[in-house]
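> kindly generate the corresponding structure for this input.
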Amino acid sequence: MALVPPPASNPASSNPTASTPAVSNAPEWSVGDLASALKRTLEDAFGHVRLRGEISGYRGQHGSGHAYFSLKDGTARIDAVVWKGTFNRLRQRPQEGLEVVATGRITTFAGKSSYQIVVETLEPAGIGAWMALLEERKRVLAAEGLFATERKRAIPYLPRVVGVVTSPTGAVIRDILHRLEDRFPRPVLVWPVRVQGEGAAEEIAAAIRGFNALVPDGAIPRPDVLIVARGGGSIEDLWAFNEEIVVRAASESTIPLISAVGHETDTTLIDFVSDRRAPTPTGAAEMAVPVRADLVAEIRDLGHRQGEAVRRKLDREGSDLRALLRAMPGADAFLAGKRQRLDLAEARLMPALAGNARDHRARFGRLLDRLGRHPPELRLAQARGRLALVADRPRSALQNYATRKSEALAYLGRRLVVAREQTLVRARTETARRSERLGALDTRLGQAVRRLIERRSDRLGNFAALLGTLSYRAVLARGFALVRDEDGAPVRAAASVTPGQRLGIEFADGTRFVRSEPQDDAAPGGKGPPKRKRPPRKPAGAPPQQSLFEV
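A predicted model of the protein is given here:
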């Protein structure tokens, strides 16, 4: 494409005779015009390209939502940008160090005078990259425990409703429905989803969570088992079942889940997290329900076996019963003794009844005779007479009892008053006696404390006098002095003093510091030790004091 220069005026052309230097015929460009022209040229020459390289410098999405990184190989690198709207639709998100194939258009960025690729789609480069990404994701999910065996649940033997998550237009759903119809017809709920391409993983995860969100015994029956199925294909075609969102939805499912993705040799991450893995969608249908004919045959066989067992039990118990009947005695032999006892009892019953009747007649006659001699009217009159005699006696006895109790209570009250007064008098006397005793003890305690203080004061004075007597300061007061070295330690011998050493002499009234002078061992001329100088005479009345150092 030819670059068309913008119109420009040349002042030198209007005056050829001017003395200005010659000007080139090349047109003048502004920076913005040149950048726009280069942008159009590059975009027209490279509309859409597929670029393979390794992602470098990816640090996640920018605050604006866009993503910036570079694609590089062993010889060169190119800047790449993914706009915010495109980033959310990517099947494969950028990852540092991942080799990808990016599809997009080449353009320029005038602000940096550089060119870049605006990425529209992103996918791993080749089967090696897909498998490396798959293994890394498998390792991360396994570390979280999503593939643990103890998480897997048993598939129900005969589910009431079967839920299927698959494409509604493929051969997979027809194979599953035909297989279920052949084995054991069950109601089937199909959640239609895309099984490959953009958005397939989100639809599959939403379908699994949607089945789990159904309420048991609701308007739409909740499945007892789920089948997530898809036909065979390449790893790119099956990649939706390797997405983390699908794996986590399957692990969170409370409904037992059977995965039937691809052929028997195909393996996806949903196979590791599901409760059972089927080699094919048809195998998943076989795992979901048993064979109805086999079940009917088994039930018929069990019924037949049960009938035979009942018949054998009845025959055995009948034989046992007949054996027991043969061992039992006959009814006549068993009842003969009872009949004889009944006959004897009947023979004794009539005389016994007649004798009993005679006894009751005689007893009744005696009662009538006693009643004639003592009629009830006479006994009733006697009872009324006795009642009249004792009519007023209970009231008098009650009044006498109450009077006695009142007198006793009054007597106890008087005794209680007297006892209270005596108790109060004794308490006051005891209180006064204890107060006097307490006062005496207080007086004695004060005297004892004063005597103790006096004794302790005398003893302390004696100790103080003794301390003054034994203290070296008393010796200093008598005219002696204490010599100390620079460290404050007492000097006990003249030999320990070195010439020029600074000494402290402590008198009774203070301390003076001196410095020792060297002492000659002989007088000049070698005539023996020098003569001692007589100390000056002390005035009369001065206390005698000797010199600490002899010269």
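> show me where the stretch 301-450 of the chain has helices.
In the stretch 301-450 of the chain, the helices defined using DSSP state H, counting those that start in this stretch lie at 331-373, 376-389, 393-470.
> by mean pLDDT, show me the worst of these.
Confidence, taken as mean pLDDT, is least for helix 376-389 of the helices of the stretch 301-450 of the chain (a mean of 81).
> run the chain-centre distance for it.
From the chain centre to the centre of helix 376-389 is a distance of 94 Å (C-alpha atoms, centre = their mean, to the nearest Å).
> that one - contacts with which helices or strands?
With contacts defined as 3 or more C-beta pairs under 8 Å, 6 or more residues apart in numbering; DSSP states H and E, helix 376-389 has no packing partner among the helices and strands. (Glycine included, C-beta is placed from N, CA and C.)
> now tell me what touches that helix from outside.
Contacts to helix 376-389, defined as C-beta atoms under 8 Å, 6 or more residues apart in numbering, come from no residue at all.
> please shift the residue numbers so they start at 11 in all later answers.
Sounds good: first residue 11 from here, last item helix 386-399.
> pretty sure residue 108 is touching residue 62, no?
No - using C-beta atoms under 8 Å, residue 108 is not in contact with residue 62; the gap is 11.7 Å.
> who has more neighbours, those two?
Between residue 108 and residue 62, counted using other C-beta atoms under 10 Å, the more crowded position is residue 108 (19 against 12).
> contact partners for the nearest residue to that one once chain neighbours are set aside?
Leaving aside its sequence neighbours, residue 108 sits nearest to residue 65 (C-beta to C-beta, 6 or more residues apart in numbering; 5.2 Å). Contacts here follow C-beta under 8 Å, 6+ apart; on that basis residue 65 touches 79-81, 104-110.
> could you pull up phi and psi at residue 65?
phi -70, psi 130 (degrees, to the nearest 10).
> same question, residue 238
Torsion angles at residue 238 (phi, psi; degrees, to the nearest 10) stand at phi -100, psi 110.
> equivalent analysis for residue 129, please.
Here is the backbone geometry of residue 129 (degrees, to the nearest 10): phi -80, psi 130.
> quick check: beta-bridge partners of it?
Per DSSP bridges, the residues bridged to residue 129 are residue 114.
> I'd say it and residue 116 touch.
No - contact criterion C-beta under 8 Å: residue 129 and residue 116 do not qualify, at 11.0 Å.
> spatially central residue in this protein, please.
residue 154 (17.8 Å; C-alpha atoms, centre = their mean).
> confidence score at that residue?
If you check residue 154, the pLDDT there is 92.
> all strands for the stretch 161-310 of the chain, in order.
Using DSSP state E, counting those that start in this stretch, the strands of the stretch 161-310 of the chain run over 172-176, 198-202, 235-240, 267-271, 286-287.
> kindly reformat those as JSON lines containing mean neighbour count and mean pLDDT.
Formatted as JSON lines, the strands of the stretch 161-310 of the chain follow (neighbours: other C-beta atoms under 10 Å; pLDDT from 0 to 100):
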{"stretch": "strand 172-176", "mean neighbour count": "27", "mean pLDDT": "96"}
{"stretch": "strand 198-202", "mean neighbour count": "17", "mean pLDDT": "95"}
{"stretch": "strand 235-240", "mean neighbour count": "28", "mean pLDDT": "95"}
{"stretch": "strand 267-271", "mean neighbour count": "27", "mean pLDDT": "95"}
{"stretch": "strand 286-287", "mean neighbour count": "20", "mean pLDDT": "94"}
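> could you dump those to JSON lines with distance to residue 69?
As requested, these are arranged in JSON lines below (distance: least, C-beta to C-beta, whole Å):
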{"stretch": "strand 172-176", "distance to residue 69": "37"}
{"stretch": "strand 198-202", "distance to residue 69": "38"}
{"stretch": "strand 235-240", "distance to residue 69": "36"}
{"stretch": "strand 267-271", "distance to residue 69": "34"}
{"stretch": "strand 286-287", "distance to residue 69": "38"}
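> and those: which comes nearest residue 524?
Minimum separation from residue 524 across the strands of the stretch 161-310 of the chain (C-beta to C-beta) falls at strand 267-271, 108.3 Å.
> so what does that closest one touch, helix or strand wise?
strand 235-240, helix 279-283, strand 286-287, helix 291-298.
> I'd like these as JSON lines, with distance to residue 222 appended.
As requested, the helices and strands packed on strand 267-271 are arranged in JSON lines below (distance: least, C-beta to C-beta, whole Å):
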{"stretch": "strand 235-240", "distance to residue 222": "8"}
{"stretch": "helix 279-283", "distance to residue 222": "14"}
{"stretch": "strand 286-287", "distance to residue 222": "17"}
{"stretch": "helix 291-298", "distance to residue 222": "17"}
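> just say helix, strand or coil for residue 122.
When classified by DSSP: H, G, I helix; E, B strand; the rest coil, residue 122 comes out as coil.
> brilliant, that's me finished.
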